[in-house]
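Asks: sequence and computational prediction follow.
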Amino acid sequence: MAFHYSVIMSQTYEFELHFALPPSQSDAEAWLDTLFEAGCDDALIGVAVPGRVSVSFTREGEEVMAVLLGAIADVTGAISGSVLMSAGPDLLNLTEIAERLTEHGAPITRQAMRKYAAGEARKLATPFPAPAISGGTPLWHLDDVLTWMVHEKKLPALPGVAALRALAGATRALNVVCEYHRARAESPALMAAVEEKLQPAYVHHP
């Protein structure tokens, strides 16, 4: 698994962070002023799910991971005991991917994305990435799709596209780390057993 994020010139990143609130202070609306005062005045805050708060940032910076970690620190510093559950954009459907690309200066229709995914487009060197989640509405890692599109020369070399690709790789990496540590905390014995069995397949010794 590879994550494709890098240092680029200062860009504006639009991303979402989803947090679990501490059980004793799970009223999300009570934190609105605190978050604003803590530096989240560049964000929209969602409180629709009890015990959760979603923060949608529009934040400028040069290095995408530093921007993300700074935003996480703002929230966790304001809400002691809050825990990052996931970050986006990461898992998206084809329509959402098309919309993100269009917003970043690379207009593409959802019909075109569906043709790519169905293998109906001509002159493709490699198959479209498999969805990370299958079912009625399949979801793809945005990072996988953008990497494929770059390889197939389906994306213009624009700063906005480069910023989106960097962001997709960084949010995916954050989600992997969050999920790993959550699983280690919830099922330590099971995770240790799985890691022991899988280690030879994933660790390459020099």
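Replies: Thanks, I have the structure now.

Asks: buried set for the longest strand that the chain contains?
Replies: When the chain is parsed with DSSP state E, its longest strand is strand 7-20. Neighbour-count burial for strand 7-20, with 16 or more other C-beta atoms under 10 Å as criterion, is recorded at 11, 13-20. (Each C-beta comes from the backbone N, C-alpha and C, glycine too.)

Asks: repeat that for stretch 46-64.
Replies: Residues 52-55, 57, 59, 61, 63-64 are the ones in stretch 46-64 that count as buried (16+ other C-beta under 10 Å).

Asks: out of the helices and strands in the protein, which is least certain?
Replies: Among the helices and strands of the chain, helix 188-202 carries the lowest confidence by mean pLDDT, DSSP states H and E, at a mean of 79.

Asks: and the next helix or strand past the helix or strand where residue 58 lies?
Replies: Using DSSP states H and E, residue 58 sits in strand 52-63. Once strand 52-63 ends, the next helix or strand along the chain (criterion: DSSP H and E) is helix 64-78.

Asks: please state the offset of that next one from the chain centre?
Replies: 14 Å (C-alpha atoms, centre = their mean, to the nearest Å).

Asks: stretch 112-123 too?
Replies: On C-alpha atoms, centre = their mean, the centre of stretch 112-123 falls 24 Å from the chain's centre.

Asks: give me the mean pLDDT for it.
Replies: For stretch 112-123, the mean per-residue pLDDT is 90.

Asks: can you pull the contacts of residue 77?
Replies: Counting by C-beta atoms under 8 Å, 6 or more residues apart in numbering, residue 77 touches residue 38.

Asks: isn't residue 59 up against residue 74?
Replies: No: Residue 59 is not in contact with residue 74 according to C-beta atoms under 8 Å; the separation is 9.5 Å.

Asks: residue ranges with poor pLDDT in the chain?
Replies: 1-9, 199-206 (pLDDT under 70).

Asks: and the longest helix seen in it with helix 188-202, angle?
Replies: In the chain, with assignment by DSSP state H, the single longest helix is helix 159-186. Going by axes from the mean of the first three to the mean of the last three C-alpha atoms, to 10 degrees, helix 159-186 is angled at 130 degrees with respect to helix 188-202.

Asks: what's the offset of helix 159-186 from the middle of its chain?
Replies: Offset of helix 159-186 from its chain centre (C-alpha atoms, centre = their mean): 5 Å.

Asks: show me what it is packed up against.
Replies: strand 7-20, helix 64-78, strand 83-88, helix 94-103, helix 142-151 (3 or more C-beta pairs under 8 Å, 6 or more residues apart in numbering; DSSP states H and E).

Asks: dump the ones you listed to JSON lines, plus distance to residue 113.
Replies: Shown next, in JSON lines, are the helices and strands packed on helix 159-186 (distance: least, C-beta to C-beta, whole Å):
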{"stretch": "strand 7-20", "distance to residue 113": "20"}
{"stretch": "helix 64-78", "distance to residue 113": "24"}
{"stretch": "strand 83-88", "distance to residue 113": "18"}
{"stretch": "helix 94-103", "distance to residue 113": "4"}
{"stretch": "helix 142-151", "distance to residue 113": "8"}
